[in-house]
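Trainee: Next input, structure requested:
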Amino acid sequence: QSLMRQVVEKPQDFCRLLHTLWPLGVVTFVSYSPDGSTIASGCYDGRIILLDAKEMEQKGTMTGHGGQVTCIAYSPDGNHIATASWDKTVKIWDAETKQDAASVGPFSGSSGPSDMVSLRGHNSEVTCIAYSPDGTRIASASWDTTVKIWDAETKQEV
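Mentor: Coordinates of the predicted model:
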């Protein structure tokens, strides 16, 4: 269900969500997990905060982006979370362990661990990402005026 629908149908829940997120920093993007149990929120400072959608309590934090998180997409099976950032990268996270599974894009500007997989990618801020319905591909768009398609398993551009 869309966040706007939630705002209209249950404004008290949205107000509680904002109250929960505000101390965590400026929130730039939110996305529900496919089963609706978790809300992933991207922050201006590069963090991704996971919240229990029912209790609105923090379940975890993922760090690794060197810039604002601009987009979040869950894989259709809910096992992975893709995040896009102003740091010119797309990162793939394991939704259960909250660990960075891979990094797609240039390494410059990234503050993530040195053992990340790094592929050549966008030359400017990544603004949008989406999984294909079958979960085998990830599409990313950037201010560099390109759309790239990645193999979700190999993390290679196709």
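Trainee: Correct me if wrong: G135 contacts D77.
Mentor: Yes: counting by C-beta atoms under 8 Å, G135 touches D77, with 5.9 Å between them. (C-beta placed from N, C-alpha, C; glycine too.)
Trainee: how about the helices in this protein?
Mentor: In the chain, helices defined by DSSP state H lie at 3-9, 11-21, listed in chain order.
Trainee: Could you list the low-pLDDT ranges of the protein?
Mentor: 1-25, 100-120 (pLDDT under 70).
Trainee: one step back: so for G135 and D77, which residue has more residues nearby?
Mentor: Ranked by neighbour count (other C-beta atoms under 10 Å), G135 and D77 place G135 first, with 16 against 12.
Trainee: For the more buried one, which non-adjacent residue is spatially closest?
Mentor: P76 (4.4 Å; C-beta to C-beta, 6 or more residues apart in numbering).
Trainee: and that neighbour, what does it touch?
Mentor: P34, Y131, P133, D134, G135 (C-beta atoms under 8 Å, 6 or more residues apart in numbering).
Trainee: Most neighbours out of those residues, which is it?
Mentor: Y131 leads the contacts of P76 on contacts (other C-beta under 10 Å) with 20 neighbours.
Trainee: my read: I48 touches S41, true?
Mentor: Yes: between I48 and S41 there is a contact under C-beta under 8 Å: 7.0 Å.
Trainee: Distance of E125 relative to D35?
Mentor: 30 Å (C-beta to C-beta, to the nearest Å).
Trainee: The two - which one has more neighbours?
Mentor: Using other C-beta under 10 Å as the criterion, E125 and D35 rank with E125 on top: 18 against 10.
Trainee: wait, doesn't the more buried one sit right on T145?
Mentor: No: using C-beta under 8 Å, E125 is not in contact with T145, being 11.5 Å away.
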